[in-house]
Structures are given as C-alpha cells and as structure tokens.
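1. Output the structure for:
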Amino acid sequence: MNSESFNTRILIVDDEETVRDSFREILRPRRKQFAELDRAGAELFGDSHRERRSLDVFDFELDEAADGHRAIELVKAADDDDHPYAAIFVDVRMPGWDGLETVQHIRRYDQRAEIIFVTAYSDYTIDEIVAQAGANVGYHTKPFAPEEIRQIATKAVYDWNKTRSLEQLIHIITRLRGDQVEVQSLLSNILHQVTELIGSTSALIATGTPETGYRKLLALGALADDQLASEYLSELPPLTDGRVYQTEHSIYLPLHNYNIVALFEGERDRLNSDRLYMIQLFLEQAAQVVQNAELQEQVLRQEKLSAIGQAVSMIAHDLRSPLSGVISLVELMERTGYDQHDLERSFREIKSALHSVMDIVTDILDFTRKGELSRSLISSNDLLEQVEVGLRDTFAQYGIQSRVERNAAFTFLGDDSKMRRVLTNLVRNACEAIGSRRNGDAQVTIRSDYADGYGILQVADTGPGIPQDALENLYVPFAGSSKQQGTGLGLAIVESFVKAHEGSIAVDTGDHGTVFTISIPADRSDLAAD
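-> Just a heads-up that it's a prediction; the model follows:
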C-alpha cells in the first residue's frame, strides 16, 4: 500500500523522552535498518532460525514533541506544507497544556488527524474527550505492548488515508454533478477516474446485453484495439445486483446501463475489499450522475424540438403573409385589365412584400451563421446619416416623427452593414411599439455621443414601454409573442452584433417610453484608428 500519495506521517507528543524513544523503537525499529545485515549473517552462519517476525508494516515518518506548544508548531508547519499528520499520539498528563488542551489547539489547524490518547490514567472520561477532541480519537493505556502500538498506528494511518480517498471520490462526484456535460463526455471522465482508482491504463466502457451483444463506446490503452476489446467483451458475464467480477487479468464493473472492463497490468493481485468498496461507492454515485445526464439530454432534446417547431411555425407564418399578398396581386392582374397607374402601384406593393420576405430570410441567416465581421473605419456621423436616409419610408409609413442628434462624433473599427442593421432593427421596433400613439408626441430619436473611450448610440421612443414580464427574455429568439411583424429575431441579432463589436447594450423603459443604449470601444473622430 506504500505509494507516494499514501500519508504515513505520525506525531508523538509526550513530555517523557523515554516514552518517545519507545515509540520510535516500535514504529521505526533499528533492526529494520539492518535487515540486509541480518540476512547476510544468517547465510554466513547457516542459522535459519535467526529469521525474525515479519516487520512488513508501513514505513512510518515520525516527528516528536515534548510539549503541546512544540506540537502546535509542528502541526502548523505540516498544514502550511500541505503534508499533514495522519495520526498523532498524545500523552494526557503533561506540564503546561495537558493532552486534551493540546488536541483542542491542534484541531484549530487539523480536523482530520487520527488522535490516540496514551496515558496510565486520565482526568477525563471518554465522552469528555470525544466531545472536546472530535470523534476520530482513540484511547490506549500504559504500559503498552509494541505490537499493540504498531497495530494502532497502522489502523490510524490506514483509516486516515481511506477517509481521504472517500473524500476525493465525493469531490469528484460533486464536480461531475455540477458540470453541464453531455453523456459521452461524462462517461469519458468516469472511465479515466476508474482507471486511476484501479491503477490501470487499459479500460473500456461498453453498452449492450448478453442477448444482444456488447458494443464498445469508449476505450483507453490496449483495449482501444477493436480485436482485443471484442475478446474481453465476449467474456463479459451478466453483472447483476451491481456485483463486480474479477479474473486473473481483468475486472468487470457495472455502471447503470453500461459496463466497464479494465485490465490488470503487470504482476499484481486482485483488488482487495477496501479498494473495491471505494470503486463501487464511486460507481454507485456516478451511475446516478449518468442517469441524470441522460434524462437532462432527453429534456433538452424535447425542448430543442419544441423550439424548432415554434421557430418554423413563426417563420412560416411571417413568410406566408407577404407571399400571399404577392400571389393575390398577380392573380388579380391576370384576371383584370390594369392601367399603367394600377400596374405601378401593384409592382410597388409586390416589391415591398418581396423585400419583407428578404428581410426575414436575412434575419434568419444572420442569426444562424454568426459570420466574421468585415471591419472598416466607421464614422458615427456617416452611420447616422445612412440610417436616417434608409428609414425615411418607415417613418412615413408609421406617421412618426424622427429626430437625429449628433453630439460628440467618434470613429470605430466595425462592420458598417451590421451596425446599420443594429440601428435599423431598434428603430423599426420603436416604431412598432409606438403603434396607436400616432399623435403629435409620437417620436423616435437617434443620437450619438462619446464618453470615456466609448462611442454611444441611442434609440429612444415615446411608446408605452416594454412589459416587465418581457424584459427577462428580451434578447431570446422567438420570445416576443406579441410581435406583429418579423421573425422575433430582431433583438437577438442586435445583441449578437453588438457583442461581436466588443460592446454592450442596455435598456431603460417605462411609461415615458424606451431607450436602448449601445456602448462600443471607439475614438473621437479626429483621432486615427489603430
């Protein structure tokens, strides 16, 4: 069980030097240091009876303290080095701090060490010691036999390391539960964790049954070879009731609807019951995580299908309206004689309807493609002028006054067409929001300004404001159920384009109307761009 990660540090706290010497002799006996010399002597003198009782115990790392204050110094140093003590033997009666006081101070820095009180007599009951020193304490009376101390130290060190292993498994499971991962990624993570626990580099996860056969999903090491994997999967037994099956060369583990096969590499024994217990504990928790992930994927799949159905329905409805108008006009032109004036009016209506169709298609493509920006140096004054000219028909259609305020001018590197789309979408939304308020106060204002390294673009309207329940999903595609025209992608596209320019967008709304404010990194117009 010795390994670089296995902690065998022990601290002896006793005011009597002879007691500390006894612990040192018991836990790090001198004759262990001279084992090679003993074996050479036995061979030289032919004395086979010189064999001593096995000392195959942990290679303990010992520190000593003559009082509680020195013990605290060592515990603090061990904590700072992230190399704590696994077990601490403490005498109950000592000058200055007694054993219980010493342990109470130790617990401020180390809650995990296994504490063993050793004394000829005590002024405290076991209940008092547990209440003040913690549950992971033991008690042993003097005088003591060497074998007893070795057994107590071995058990304390083993319990400390086993508890840490379980804590690590719990941490792994907690991390897996918190991650929003796909089932495939989750299984890959679990496979790597299991191979580490087993001490193998060759393992696979398979799905299937003995009746249908097994299919390899993921594999590591030698089992990535399809032929070798098939050989081991052909020997996979029915793993019922969560039982584990071991052979001389492999181990088979159940995991929810999956099976794990891992190879034992090199000369090694089967996994002992304690190691199996930890692996099974991990797999039981991992199975729940996998099951939850599968259910989550099913829910997300249904939500995606529902969202797609809703989107397709809205898009089809939006496309049908202008196309139906075009078809009706064409049929009417076929049945009746149109004069030149009527033809010109009809062609304008057809052209307008087809432009609406193209706007819808453009919205969809812009939202789904998320293409790269075609950057050039843009002037805020030029941008506002282009938007104002392009929206004259829109303002006329809605009967709404427009106002453009050019304050401090600025320049920025950006995509001119996409920024025009941003402002155009916001203005059209504002016009639609004003709706029936077509009176002398109905107005949409577009303004620009500059402050603290950012260009400011605003679109303000005098409409009724955005309902509170709609603000949470303002930039969510297809969330605007009250929208009369368009695909419901307008604000989602606006936010996407603004973020692509490393900018931000904010909204202020109420009975007074709504103001969208866009901030984009920029320079004053008289400064050269980078």
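2. now what about whatever helix or strand residue 25 lives in, what contacts it?
-> Under DSSP states H and E, the secondary-structure element containing residue 25 is helix 17-27. Contact with helix 17-27 is made by 10, 12, 14, 60, 62, 64, 66, 89, 91, 146, 149-150, 153, as judged by CB atoms under 8 Å, 6 or more residues apart in numbering. In short, each C-beta sits where N, CA and C put it, glycine included.
3. What is the lowest-pLDDT residue among those residues?
-> For those, the model is least confident at residue 146; its pLDDT is 86.
4. Tell me, how many residues neighbour the residue lying closest to that residue once chain neighbours are set aside?
-> The spatial neighbour of residue 146 that comes closest, neighbours along the chain excluded (CB to CB, 6 or more residues apart in numbering), is residue 26 at 4.5 Å. When counting by other CB atoms under 10 Å, one arrives at 18 neighbours for residue 26.
5. now residue 26: how far from residue 148?
-> 9 Å (CB to CB, to the nearest Å).
6. correct me, but residue 75 touches residue 110?
-> Yes: with contact defined as CB atoms under 8 Å, residue 75 and residue 110 form a contacting pair (5.5 Å).
7. residues shared between the contacts of these two?
-> Taking CB under 8 Å, 6+ apart as the criterion, residue 75 and residue 110 both touch 84, 85.
8. Between these two, which has more neighbouring residues?
-> Taking neighbours as other CB under 10 Å, residue 75 and residue 110 compare with residue 75 leading, 25 against 17.
9. show me what contacts that one?
-> Counting by CB under 8 Å, 6+ apart, residue 75 touches 11, 84, 85, 88, 106, 109, 110, 113.
10. Just the buried residues of those residues.
-> 11, 84, 85, 88, 106, 110, 113 (16 or more other CB atoms under 10 Å).
11. Filter these down to just the ones in strands.
-> Within the buried ones among the contacts of residue 75, residues falling in strands by DSSP state E are 11, 88.
12. Do a quick rundown of the helices in the stretch 201-350 of the chain.
-> Assigned by DSSP state H, counting those that start in this stretch, the helices in the stretch 201-350 of the chain fall at 226-234, 273-335, 340-369.
13. Of all those, which one is nearest residue 194?
-> Closest of the helices of the stretch 201-350 of the chain to residue 194 is helix 273-335, at 6.8 Å (criterion: CB to CB).
14. Tell me how the protein divides into domains.
-> Following automatic domain parsing, one finds the domains of the chain at 9-169, 176-296, 300-368, 370-524.
15. ok, and for the helix or strand hosting residue 498, which residues are buried?
-> Secondary structure assigned from DSSP H and E places residue 498 in helix 490-500. Residues of helix 490-500 classed as buried by neighbour count (16+ other CB under 10 Å): 490, 491, 492, 493, 494, 495, 496, 497, 498.
16. Off-centre distance for it?
-> The chain centre lies 26 Å from the centre of helix 490-500; the measure is CA atoms, centre = their mean, to the nearest Å.
17. same thing with stretch 250-259?
-> Relative to its chain's centre, stretch 250-259 lies at 26 Å (CA atoms, centre = their mean).
18. Give me the distance between the two termini of it.
-> Start-to-end span of stretch 250-259 (CA to CA, to the nearest Å) is 13 Å.
19. quick one on the thing from earlier: in TSV, list the helices of the stretch 201-350 of the chain along with mean neighbour count.
-> Shown next, in TSV, are the helices of the stretch 201-350 of the chain (neighbours: other CB atoms under 10 Å):
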stretch	mean neighbour count
helix 226-234	14
helix 273-335	14
helix 340-369	14
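20. so which of these comes closest to residue 451?
-> helix 340-369 (29.0 Å).
21. can you give me the angle that closest one makes with helix 490-500?
-> Per axes from the mean of the first three to the mean of the last three CA atoms, to 10 degrees, the angle that helix 340-369 makes with helix 490-500 is 50 degrees.
22. helices or strands up against helix 340-369?
-> With contacts defined as 3 or more CB pairs under 8 Å, 6 or more residues apart in numbering; DSSP states H and E, the packing partners of helix 340-369 are helix 273-335, helix 490-500.
23. Turn those into CSV, columns for mean pLDDT.
-> As requested, the helices and strands packed on helix 340-369 are arranged in CSV below (pLDDT from 0 to 100):
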stretch, mean pLDDT
helix 273-335, 72
helix 490-500, 86
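24. Using TSV, please lay out those together with distance to residue 408.
-> TSV is the format used below for those (distance: least, CB to CB, whole Å):
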stretch	distance to residue 408
helix 273-335	39
helix 490-500	20
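25. how about the ones you listed, which one is nearest residue 514?
-> Proximity to residue 514 (CB to CB) singles out helix 490-500 among the helices and strands packed on helix 340-369, at 11.5 Å.
26. Could you identify the helix or strand that succeeds that closest one?
-> Downstream of helix 490-500, the first helix or strand assigned by DSSP H and E is strand 504-510.
27. which outside residues touch the helix or strand just after that following strand?
-> Using DSSP H and E, the next helix or strand after strand 504-510 towards the C-terminus is strand 513-521. Contacting residues not belonging to strand 513-521 are listed as 412, 414, 422, 426, 430, 433, 453-466, 494, 498, 501-509 [CB under 8 Å, 6+ apart].
28. what lines up beside strand 513-521 in the sheet?
-> strand 454-461 (antiparallel), strand 504-510 (antiparallel) (DSSP bridges).
29. Run through the bridge partners of residue 518.
-> Judged by DSSP bridges, the bridge partners of residue 518 are residue 457, residue 505.
30. how much space between it and residue 455?
-> According to CB to CB, residue 518 and residue 455 sit 8 Å apart.
31. Would you tell me which of the helices and strands packed on helix 340-369 gets closest to residue 365?
-> helix 490-500 (10.2 Å).
32. helices and strands around the closest one, which ones?
-> Applying 3+ CB pairs under 8 Å, 6+ apart, one finds that helix 490-500 contacts helix 340-369, helix 416-434, strand 504-510, strand 513-521.
33. Which of the ones you listed has the lowest mean pLDDT?
-> Ranked by mean pLDDT, the helices and strands packed on helix 490-500 end with helix 340-369 at the bottom, a mean of 73.
34. what angle do it and helix 416-434 make?
-> Counting by the same axes, to 10 degrees, helix 340-369 lies at 110 degrees to helix 416-434.
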